[in-house]
Structure formats: structure tokens, C-alpha cells
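Novice: Got a predicted structure here, sequence first:
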Amino acid sequence: MLSKDSKIIERCRDWLISIDMAFHVFAAVLLLIGCAFTFYFAILHLLNPDRNTIFHFINDVLLALIILELLWTVIRFLKKQKFIIGPFLAIGIIAAVRRILLIEAQTSFMEHVPHDKLIELALCTIIIIILIISYYISVKAQQVDTEQ
């Protein structure tokens, strides 16, 4: 039999968990709305296609992918599924590729590419390689985990 204090603590815990779930659902809805607006702006960029708007279109689509990956993480939490690192690594890879494309778009019309932009491109490339290696290690770790 539970004491009066432990019943109160259990009710408070249940109440806090319910509030947490409600905020996660709200965050998921906001992510969906943000993704919808991102796709809307991507489509607007296609209405007047030129070299610059195509870069913006690709940027918007990659941003939407990042938002969707975050949404899947929230959905996994709501389903009470096991946390996995893969989606966060995918978000990092997509974000680094997105940054590379933006730098390329900014510098494509320049006669001379600034030194800092080249360093940023190199760093983004290194980040992508590190994240891919991390993803490979996490997949191998999951395979070992499921074999045991």
C-alpha cells in the first residue's frame, strides 16, 4: 500500500509526464507547419527559375529534410521508442551539405573566392567525413547490440 506522500508524488509525476507529452505534440505540429512553409517557399523559387533561385530551392528542400528528421525524433519519443543517434548524424550531414551549397551559391559569381570561404568549405567537408564515420560506427554498434 502506498503512503499518502507517495501517491501525491506519483500523481505529480504523471501530471508532469502528461504536460511533457503535450509539449512534444505541440512541437511536432510546429515542425510540420515550419516544414510546410519551407516547401511552399521552395515551390515559389521554382516559379521563376534562374541560377540563384535553384540554389535557394535546393537549400529549402534540404532545410525541410532537416525539419522532417527532427520531427521523426519527436515521433520516436512520443511512441516511447529507443533513442538512436542516426537521425542526428543525418541532420548534421544534411546541414553541412546545405552549408556547402550555400557557400557555392554565394561564391559562384565571384571572380576570386575569399580564403575564409575555402576554409569553411574544407571544414564542412571534414565534418561530413567525421559524421559519416560516426554513422558507420553507430550502425555497427547497433548490429552488435542486436546480435547479443
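Specialist: Now that the structure is in, tell me what you want to look at. It should be emphasised that the depicted structure is a prediction, and the values quoted were computed from it without experimental measurement.

Novice: going forward, measure contacts between C-alpha atoms and count neighbours the same way
Specialist: Noted.

Novice: tell me which residues in stretch 106-119 are buried?
Specialist: By neighbour count on 16 or more other Cα atoms under 10 Å, the buried set for stretch 106-119 is empty.

Novice: how far does it stretch from start to finish?
Specialist: End-to-end distance of stretch 106-119 (Cα to Cα, to the nearest Å): 14 Å.

Novice: i'd like the first residue to be 30 from this point on
Specialist: Shifting the count to begin at 30 puts that one at stretch 135-148.

Novice: Centre of the chain to it, how far?
Specialist: A distance of 27 Å separates the centroid of the chain from that of stretch 135-148, by Cα atoms, centre = their mean, to the nearest Å.

Novice: which outside residues touch that stretch?
Specialist: Stretch 135-148 is contacted from outside by residue 132, using Cα atoms under 8 Å, 6 or more residues apart in numbering.

Novice: 10 Å - rerun?
Specialist: Stretch 135-148 has contacts (Cα atoms under 10 Å, 6 or more residues apart in numbering) with 80-81, 84, 129-133, 150-154.

Novice: same question, stretch 110-123
Specialist: With Cα under 10 Å, 6+ apart, stretch 110-123 has contacts from 91-92, 94-99, 101-102, 104-106, 124-129, 153-154, 156-165, 167-168, 171.

Novice: closest to residue 44 among the contacts of stretch 135-148?
Specialist: residue 153 (43.4 Å; Cα to Cα).
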